[in-house]
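Colleague: the sequence and its predicted three-dimensional model are supplied below.
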Amino acid sequence: MILAADYFAGPYIQFPVTYIIPVALVSWHNGKFWGYSFAVTMSVMRVIYSVFIWNLPWSAADTIINLTVSFSVFALLVTLFDKVAVQNRELSNKVDVLTGLLPICSNCKKIKNDTDNWEQVESYISKKSSASFTHSLCPECRKKLYGNEIEKLRKQNN
């Protein structure tokens with residue numbers, strides 16, 4: 001479709017704007033190799049149209065210059081989109097996000113999982129993300145659970 005659109009648009013559009021989005025999409029989804037391959041194919045097809053199909057008022061040198069410019073722009077586009085796509089994939093692999101509503105018990109704080117079983121918060125989050133846990137006590141809970149015993153032990157050790 002792109003080549004047909006370029007053919008019907010004619011030779012006077014010097015830079016085939018209709019190629020930018022497809023080259024970007026191919027690079028994003030399939031990587032640099034296929035992006036460059038697609039860019040070369042599109043640029044070469046434009047030259048074939050220019051030399052064999054269209055009646056052009058400019059020289060072959062002008063056509064080669066146009067090919068060089070268009071491929072240079074496409075190569076830059078492929079490089080940029082591939083780099084962004086790779087970084088996006090790496091970031092997606094590093095970031096695991098829990099979304100939605102999680103049913104949690106008001107008393108014991110267990111979470112209802114996908115199979116309607118209740119499990120500890122730590123276990124659930126560890127399965128759903130790359131997070132891991134270490135346990136500690138906040139100052140309020142420490143005081144509530146152990147009262148002044150920790151302070152007494154601390155004073156004895158000093």
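Modeller: Alright, I've got the coordinates.
Colleague: would you state the strands of this protein in chain order?
Modeller: All strands of the chain, identified by DSSP state E, fall at 111-112, 118-119.
Colleague: need those strands in JSON lines (columns: mean neighbour count).
Modeller: Quick note: C-beta positions are derived from backbone N, CA and C, even for glycine. Shown next, in JSON lines, are the strands of the chain (neighbours: other Cβ atoms under 10 Å):
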{"stretch": "strand 111-112", "mean neighbour count": "16"}
{"stretch": "strand 118-119", "mean neighbour count": "14"}
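Colleague: hey, least reliable of those by pLDDT?
Modeller: Mean pLDDT per stretch puts strand 111-112 lowest among the strands of the chain, at a mean of 90.
Colleague: how far away from the center of its chain is that strand?
Modeller: Chain-centre distance of strand 111-112: 31 Å, with Cα atoms, centre = their mean, to the nearest Å.
Colleague: and that strand, what other elements does it pack with?
Modeller: Using 3 or more Cβ pairs under 8 Å, 6 or more residues apart in numbering; DSSP states H and E, the elements in contact with strand 111-112 are strand 118-119.
Colleague: hmm, try it at 10 Å
Modeller: Applying 3 or more Cβ pairs under 10 Å, 6 or more residues apart in numbering; DSSP states H and E, we find strand 111-112 packed against strand 118-119, helix 121-128.
Colleague: thinking again about what came up before, right, and the strands of the chain - which one's nearest residue 76?
Modeller: For residue 76, the closest of those is strand 111-112, at 48.3 Å, according to Cβ to Cβ.
Colleague: and the contacts of that closest one?
Modeller: If you take Cβ atoms under 10 Å, 6 or more residues apart in numbering as the criterion, strand 111-112 is touched by 98, 102-105, 117-125, 128.
Colleague: likewise for stretch 68-77?
Modeller: Contacts of stretch 68-77 (Cβ under 10 Å, 6+ apart): 14-16, 19-21, 23-24, 27, 32, 35-36, 38-40, 42-44, 46-47, 78.
Colleague: at 7 Å what do you get?
Modeller: Contacts with stretch 68-77, where a contact means Cβ atoms under 7 Å, 6 or more residues apart in numbering, come from 15, 16, 19, 20, 23, 24, 36, 39, 40, 43, 46.
Colleague: among those, which ones are buried?
Modeller: The neighbour-count test (16 or more other Cβ atoms under 10 Å) applied to the contacts of stretch 68-77 identifies 16, 19, 23, 24, 36, 39, 43, 46 as buried.
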